[in-house]
Each structure stands twice: as C-alpha cells, then as structure tokens.
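K.L.:
Can you look at this prediction? I've put the sequence above it.
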Amino acid sequence: MLPPLVEPAAELTRDEVARYSRHLVIPDLGADGQKRLKNARVLVVGAGGLGAPALLYLAAAGVGTIGIVDDDVVDASNLQRQIIHGVSDVGRSKAQSARDSIAEINPLVEVRLHEVRLDRHNAVDMFTQYDLIVDGADNFATRYLVNDAAVLAGKPYVWGSIHRFHGQASVFWDDAPGGRGLNYRDLYPDEPPPGLVPSCAEGGVLGVLCASIASVMSTEAIKLITGIGEPLLGRLLMYDALQMSYRTIAVRKDPAAPRITELADYQEFGGVAAADPADTGAITPRQLRDLLESGQKVALIDVREQVEWDINHIEGAQLIPTGLISSAEGLAKLPLDRTPVLYCKTGVRSAEALVAVRNAGFADAVHLQGGIVAWAQQMQPDMVMY
C-alpha cells in the first residue's frame, strides 16, 4: 500500500454526507477517505473515449477539483463511446460539454477547463496544479508527453489504452515512495515509428471497452488519493473483452533507461503518418483524380478491411487488406502492368503498406495522402463517411 496522496478536507457538509453515504459506510474508505477525495485535484487528459467515463465517475465519487485538458470538439462519431457528450453537443467544445455533464452529476465539483493542446510548453506547469493525472490520450505522442511531464512535475498518473476488443491500464509514478518508482518508458522504452500504430479511428474500438478500462482507471485514482488497496504501480493490467479475461504482469524499473530531464518534440513520432505533399511516396486527392482522368495505367488498391470497404470505397479500387500486403498472397494480386496507388482511411495504414509494396519491387508505387477521408472532403463530399 502507498500512503494517501491527498490530505483530508476539514469536514463534510450535510449535503455531502447524504450524497456520499454509500462511500461513508465502507470501512476502508469512510469519512476520512471521502474528505481526501473532496480535497483532491485531478487533471484528466482528454474528454474522449477513456476520459468521458472517467470524468463522470470521478465527479460522482466526489473529487473536489477536476481539470479537463482537451482542445477538440464533439463529433457524431464520438457518441458511440464518449458517453459524457450527447447529440446536442456535436460541434461544441468537448471540455465545455464535459463540464456541463459533470454539473448534472455533481454540482459540488469545481471544474477547471484547459481548452488548449497539451504540449511541451504547458504540460509541466499544468501538471503542477494537480495532485494526480489521469491519462486518457489516444495517441503515442501525447502518452509520452504526459509521462515525461509527470516525471518532471513529480506527479503520479493513471494510464489506460484501448484498441478494438483489448485494453490496458497501469499506474506510473517515478517518485513513488519505497523505491517503487517507475514510468511509462520502463514499459515501452521506445516511441513507435510514425504510421506504425493505427489510431482508434483507423483500427476501431468497441464502445463499451472504454467504460471497462476507464472504470479501472477511476478506481486506481480513488485508491491513490485515499491510500486504500494495492495500486497498479508496477503492474500492467491487460483486458480481453472477447474472452472476458483480466490478467496482470509485473513491470519493473529499467536500469538502462535514460533519465528524463526535458520534454522533446512529441509530434515527430506517435503513430502519426507524415502528410507532407513533398514526400515522393504520397500523392494528394487532386493528383489522384488527375491520374485517374488522364488514362494512365493505375491500380487503385484499398488496403482497409472488408467491413470498411462495405461502408465506402473509391470507384475502380481493388481491395487488398494491409494484412495480406506483406504476404505473397497479397503481393500476387498487384497488377504488374500498372502503377499501384494505395489508400486507407487516413493514410496511416497505406503508408505502412507502401513500404512492403516498394520492397517487393514496385518502385513507382505511391499512397494517397489523407486517405479516403481526404478524398471525400476534397473530391467527393457526398460520400458516406465513418
């Protein structure tokens, strides 16, 4: 067990005793734990898939001050999993929408909005204002930024990750007492190359998986604040929704890991494919249209999955999913007398597939910058999009 992260507030009001009565009768939590929650300041990074349910549960639990850092707006595609938002919030600031939902759940909570993009210039200063960070980021760039900023600010944080039917959660705290300190880089030392890891928009995620992992993250936050139970510090929880199984593995400090002394430029990595038109491997939607209209021999290859192809595709394309591209079976389907032009949803998977295609001898192969999303926006605005 770790000592409580937060000192208790002086008292609970009559209204607070009534509201939190189910907590107060739990011997391990009780009035003392509830006072610590009241006095706690928690920053939630992202009001999206993981942040949305975490914010609701932390507010309902009585965390006194909740900060929300998010510069995005609500999109209709968010509503499948980001339950803090509703139909009337589409187009609104996610942070403001989350604040209003929290007020409906618990008006006793103070909500602080940070409607900015978290970056190397503001992260450490922002983190120092809070006792605990909850990381609901959906990309590697922000995850490494949160980790490094938490190390520099001396703050613990709860981390979670989701993809399709699988989720992970853990607690990282480089300055943890008792020599138990470790951080995210002890688990994942190296940043993935750009374009290697698809986002939830590319790979998909089961909506309810967000609640499963976010509830674990909220539980860990409450345990750290109140000092009850055994936190996930030094353990990685892995969840498989299809098998309905949970397991944990030990995570240990990596003695070879370099010391974190400053923040880096986190946009240079993190699963974000380069979108530079000057890149000879990428063509714009307009260039693709000109190619198709010119009569030049082009093989338009859709590297998404069948389920995505069934939603929409560019006319004249051939479906060869990324999983087949690196195999002889997939490469054998590429026409030898035409220039391959690969596309996916946003350009991440097609950039990855392009490497395999060129290595197989198709030196003139290219891929569509921005994927079918960019094509629809610029060339076919009536296309159904997901």
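P.N.:
Cool, got the structure. Numbering: from 1, shown residues only.

K.L.:
drop to CA atoms for contacts and neighbour counts, all remaining ones
P.N.:
Fine.

K.L.:
Can you measure across stretch 262-281, start residue to end residue?
P.N.:
33 Å (Cα to Cα, to the nearest Å).

K.L.:
Quick check: which ranges of the stretch 101-250 of the chain have low pLDDT?
P.N.:
193-199 (pLDDT under 70).

K.L.:
quick one: the helices in it?
P.N.:
Secondary structure of the stretch 101-250 of the chain (DSSP state H, counting those that start in this stretch): helices at 123-127, 140-153, 184-187, 200-203, 207-226.

K.L.:
out of those helices, nearest to G62?
P.N.:
helix 207-226 (9.8 Å; Cα to Cα).

K.L.:
hmm, who's touching that closest one?
P.N.:
2-6, 29, 33-34, 36-37, 40, 49-51, 53-54, 57-58, 80-82, 132, 134, 158-162, 165-171, 229-232, 241 (Cα atoms under 8 Å, 6 or more residues apart in numbering).

K.L.:
Mind giving me the ChimeraX command for buried ones among those?
P.N.:
Buried members of the contacts of helix 207-226, defined by 16 or more other Cα atoms under 10 Å, are picked up in ChimeraX with:
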select :2,4,5,6,29,33,34,36,37,40,49,50,51,53,54,57,58,81,82,132,134,158,159,160,161,162,165,166,167,168,169,170,171,231,232,241
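
K.L.:
returning to what we had before: just send the helices of the stretch 101-250 of the chain back as TSV, with distance to E293 and mean neighbour count too.
P.N.:
As requested, those are exported to TSV (distance: least, Cα to Cα, whole Å; neighbours: other Cα atoms under 10 Å):
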stretch	distance to E293	mean neighbour count
helix 123-127	48	19
helix 140-153	38	23
helix 184-187	49	19
helix 200-203	28	15
helix 207-226	40	24
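
K.L.:
so which of the ones you listed gets nearest T13?
P.N.:
Here helix 207-226 is closest among those (Cα to Cα), at 18.8 Å.

K.L.:
Off-centre distance for that closest one?
P.N.:
15 Å (Cα atoms, centre = their mean, to the nearest Å).

K.L.:
Could you do stretch 147-167 as well?
P.N.:
The answer for stretch 147-167 is 10 Å, by Cα atoms, centre = their mean.

K.L.:
what pairs with R112 across the strands?
P.N.:
In this entry, R112 is beta-bridged to G67, by DSSP bridges.

K.L.:
What's the separation between it and L292?
P.N.:
Counting by Cα to Cα, the gap from R112 to L292 is 51 Å.

K.L.:
repeat for A76
P.N.:
Counting by Cα to Cα - A76 and L292 are separated by 32 Å.

K.L.:
How is this protein divided into domains?
P.N.:
Using automatic domain parsing, the domain parsing of the chain gives 14-268, 282-378.

K.L.:
end-to-end on the shortest one?
P.N.:
Between the opening and closing residues of domain 282-378 there is a gap of 16 Å (Cα to Cα).

K.L.:
again with stretch 58-76
P.N.:
25 Å.

K.L.:
Now do the buried residues in stretch 324-343.
P.N.:
Those would be I325, S326, G330, L331, L334, T339, P340, V341, L342, Y343, for stretch 324-343 by 16+ other Cα under 10 Å.

K.L.:
Touching that stretch from outside, list them.
P.N.:
By Cα under 8 Å, 6+ apart, stretch 324-343 touches 297-304, 320-321, 349-350, 353-354, 356-357, 360, 362, 364-369, 371-372.

K.L.:
And those residues, which of them are buried?
P.N.:
Using 16+ other Cα under 10 Å, the buried ones in the contacts of stretch 324-343 are 298-304, 320-321, 349-350, 353-354, 356-357, 362, 365-369, 371-372.

K.L.:
can you pull out the strands in the stretch 251-386 of the chain?
P.N.:
282-283, 298-302, 318-319, 339-343, 366-368 (DSSP state E, counting those that start in this stretch).

K.L.:
need those strands in JSON lines with mean pLDDT and distance to R19, can you?
P.N.:
Formatted as JSON lines, those follow (pLDDT from 0 to 100; distance: least, Cα to Cα, whole Å):
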{"stretch": "strand 282-283", "mean pLDDT": "95", "distance to R19": "57"}
{"stretch": "strand 298-302", "mean pLDDT": "96", "distance to R19": "54"}
{"stretch": "strand 318-319", "mean pLDDT": "96", "distance to R19": "56"}
{"stretch": "strand 339-343", "mean pLDDT": "96", "distance to R19": "53"}
{"stretch": "strand 366-368", "mean pLDDT": "97", "distance to R19": "54"}
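
K.L.:
Could you export these as JSON lines, including distance to R99?
P.N.:
As requested, those are arranged in JSON lines below (distance: least, Cα to Cα, whole Å):
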{"stretch": "strand 282-283", "distance to R99": "41"}
{"stretch": "strand 298-302", "distance to R99": "40"}
{"stretch": "strand 318-319", "distance to R99": "43"}
{"stretch": "strand 339-343", "distance to R99": "38"}
{"stretch": "strand 366-368", "distance to R99": "38"}
